[in-house]
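**Q** generate a structure from the sequence data that follows.
(one chain, ligands or ions: 1)
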Amino acid sequence: MNKVVTRIPPSPTGRLHIGTARTALFNYLFARHAGGSVVFRSEDTDRARSKKEYEDEIIEGLHWLGLSWDAFSRQSEHAPRHRELLEQIVAAGTAYVSKEESKMEKGKMVEVVRLKNPGRSITFHDEIRGDITFDSTELGDFVIARAIDDPIYHFAVVADDMDADITHVIRGEDHISNTTRQILIQEALGAPRPAYAHLPLILDEKRAKLSKRSGTVLSLHDYRDEGFLPEAMVNYVALLGWSPGTDEEHFSLAELVKRFTLEGVQKGGAAWNREKLLSVNQRWMRELSDTDFIARGALEAVDEKVLRRAVPLLKERTRTFDEARELLSGELSCLFSSPKFSREALVAKECGTPTKPLLQTLLVPLQDLPDNATPEIVKSVLMPLADAEEARGKGGRGALLWPFRYALSGQEKSPDPFTLVSLIGKEEALARVKKAIAILEE
Ligand code: GLU
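**A** Model (predicted):
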């Protein structure tokens, strides 16, 4: 068999859609798995809708995912070649020029090029769906160029695929019905027929066709900005229609290259599932070293050291870097600035043993904590004080733990006091508890 060559031919008429990213990924995986190459072709012939900024975004997004290609071109650059091929097949008689009234402008005569349709049934083999047969008769002698220098999309695609020696066309199932026309054009050009594989539709969470209306975020860059990792997007998107045939689900791009085959692609639609994507992303976030976690999440805080200590908590509780940033500026903001609190709030849960002497019992054990104590160590030292209060007083453990946690955080909601001590360090914890005691003394 010839060396495998696949193509990534997006139309730069909009932002990089997750469906486009999936098609690109599958073309990349299939080619790399086979030791073949990938051709990127910007299908920019729709002058009115194509924009350079969309092309840039698509390229940047695919690179962000880790995809690469071996050749790059723009369809618009192939215009002279398209004309040459059209003239060739008109000369050969497999297509002809027809003088007709323009469909766009009444009364205006144009010279369109029509394909001489042999009018027979066409069967092509789809690597995912098996044999597909269409009767081409009803297409008649269809138009392949609006003028000799203005080919329709189907002609441009077939000509470009032929010139790039494409062996496999892997694309969305919405292109199945285009395939008959494209095969007829191929035959007119005397081009070899590539293998076809039409990927299942991506559905939304309600199993309807993916669309803006379903509320699903469709732009790859929006996921990036929300703090999804490219490793997670690749991993998740690969599983939209492909499976390794086992229940394994954690794949890097390199592993996917090793494992990907078209046999693993399903026929039925693949439903987008944000919860699943979030859990895949969390798994990839957890695999990062603490340093990488901070760098790749672009996380910032006034105290680097405290931020570093908070990473395990962020890994445990957040599924995107947006969530991590939110936690840092919300519930965890108390780690970075000393809390403000009032006497009323400190004693809010006081019943029985007064709060001040309870807080005072913490001072010596806090001072004696080892540096960099883990939450477990802090808990093993301080919890017995709360247990003793439970045995003695009316307020239970909370009589100590609530003002303790509040003194450390100044917040209704925060991590438990042992975790807080471990994150801010014992000196800062001591200072905060002393400040609370001082307020109670006023
Ligand atoms: N430019 C087309 C699209 O974005 C690709 C067509 C094809 O793969 O043949 O849908």
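**Q** what comes up buried for stretch 414-422?
**A** 414-422 (16 or more other CB atoms under 10 Å). Bear in mind the C-beta positions are built from the backbone N, C-alpha and C, glycine included.
**Q** cool, and stretch 116-131?
**A** Buried-residue list, stretch 116-131, by 16+ other CB under 10 Å: 117, 122, 124, 126-129.
**Q** in PDB, list the C-alpha atoms belonging to it.
**A** Once non-C-alpha atoms are left out, stretch 116-131 reads as follows in PDB (Å, rounded to 0.1, in the frame of the first residue of the first chain):
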ATOM      1  CA  LYS A 116     -20.900  14.600 -18.000                       C
ATOM      2  CA  ASN A 117     -22.600  12.300 -15.600                       C
ATOM      3  CA  PRO A 118     -22.500   8.700 -16.700                       C
ATOM      4  CA  GLY A 119     -25.600   8.200 -14.500                       C
ATOM      5  CA  ARG A 120     -25.100   5.000 -12.700                       C
ATOM      6  CA  SER A 121     -25.100   3.700  -9.200                       C
ATOM      7  CA  ILE A 122     -21.900   4.400  -7.300                       C
ATOM      8  CA  THR A 123     -20.700   2.200  -4.400                       C
ATOM      9  CA  PHE A 124     -17.900   3.300  -2.200                       C
ATOM     10  CA  HIS A 125     -16.500   1.600   0.800                       C
ATOM     11  CA  ASP A 126     -16.600   3.500   4.000                       C
ATOM     12  CA  GLU A 127     -14.000   2.300   6.600                       C
ATOM     13  CA  ILE A 128     -16.500   2.900   9.400                       C
ATOM     14  CA  ARG A 129     -19.800   2.200   7.800                       C
ATOM     15  CA  GLY A 130     -19.100  -0.500   5.200                       C
ATOM     16  CA  ASP A 131     -20.300  -0.200   1.600                       C
END
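**Q** run the chain-centre distance for it.
**A** Remark: stretch 116-131 is offset 35 Å from the chain centroid, using CA atoms, centre = their mean, to the nearest Å.
**Q** for the record, mean pLDDT for the helix or strand A91 falls within?
**A** Assigning secondary structure by DSSP states H and E places A91 in helix 79-92. Taken as a whole, helix 79-92 carries a mean pLDDT of 98.
**Q** go on, stretch 332-349?
**A** The model assigns stretch 332-349 a mean pLDDT of 91.
**Q** and it, what's buried?
**A** Neighbour-count burial for stretch 332-349 [16+ other CB under 10 Å]: 332-335, 339, 341, 345-347, 349.
**Q** list phi and psi for A270.
**A** Main-chain torsions, A270, degrees, to the nearest 10: phi -120, psi 120.
**Q** okay, and the beta partners of it?
**A** I202 (DSSP bridges).
**Q** wait, it touches E205, no?
**A** No - applying CB atoms under 8 Å as the test, A270 and E205 come out as separate, 11.8 Å apart.
**Q** between the two, who's got more neighbours?
**A** Taking neighbours as other CB atoms under 10 Å, A270 and E205 compare with A270 leading, 20 against 14.
**Q** who are the contact partners of the nearest residue to S219 once chain neighbours are set aside?
**A** Nearest non-adjacent residue to S219, counting by CB to CB, 6 or more residues apart in numbering: R15, 4.5 Å away. The contact partners of R15, by CB atoms under 8 Å, 6 or more residues apart in numbering, come to 54, 57, 218-221.
**Q** quick one: buried ones out of these?
**A** Neighbour-count burial (16+ other CB under 10 Å) applied to the contacts of R15 gives 54, 57, 218-220.
**Q** and which of these is nearest to Q266?
**A** L218 (21.4 Å; CB to CB).
**Q** any idea of the pLDDT on the residue nearest to T320 when sequence neighbours are not counted?
**A** In space, and not counting its chain neighbours, T320 is closest to G227: 4.1 Å by CB to CB, 6+ apart. Note on G227: pLDDT of 98.
**Q** report the buried residues of stretch 303-321.
**A** Buried, per 16+ other CB under 10 Å, within stretch 303-321: 306-315, 318-321.
**Q** swap in stretch 77-86?
**A** For stretch 77-86, by 16+ other CB under 10 Å, it's 78, 82-83, 85-86.
**Q** could you do stretch 434-442 as well?
**A** 434, 436-437, 439-440.
**Q** would you put the C-alpha positions of stretch 135-146 in PDB?
**A** Extracted in PDB, the C-alpha atoms of stretch 135-146 (Å, rounded to 0.1, in the frame of the first residue of the first chain):
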ATOM      1  CA  ASP A 135     -27.700   6.400  -7.600                       C
ATOM      2  CA  SER A 136     -25.900   9.300  -9.300                       C
ATOM      3  CA  THR A 137     -28.600   9.600 -12.000                       C
ATOM      4  CA  GLU A 138     -30.700  12.100 -10.200                       C
ATOM      5  CA  LEU A 139     -27.700  14.500 -10.000                       C
ATOM      6  CA  GLY A 140     -27.800  14.900 -13.700                       C
ATOM      7  CA  ASP A 141     -24.900  16.800 -15.400                       C
ATOM      8  CA  PHE A 142     -24.200  18.900 -12.300                       C
ATOM      9  CA  VAL A 143     -22.300  22.100 -12.300                       C
ATOM     10  CA  ILE A 144     -18.600  21.800 -11.300                       C
ATOM     11  CA  ALA A 145     -17.600  25.400 -12.000                       C
ATOM     12  CA  ARG A 146     -19.700  28.600 -12.100                       C
END
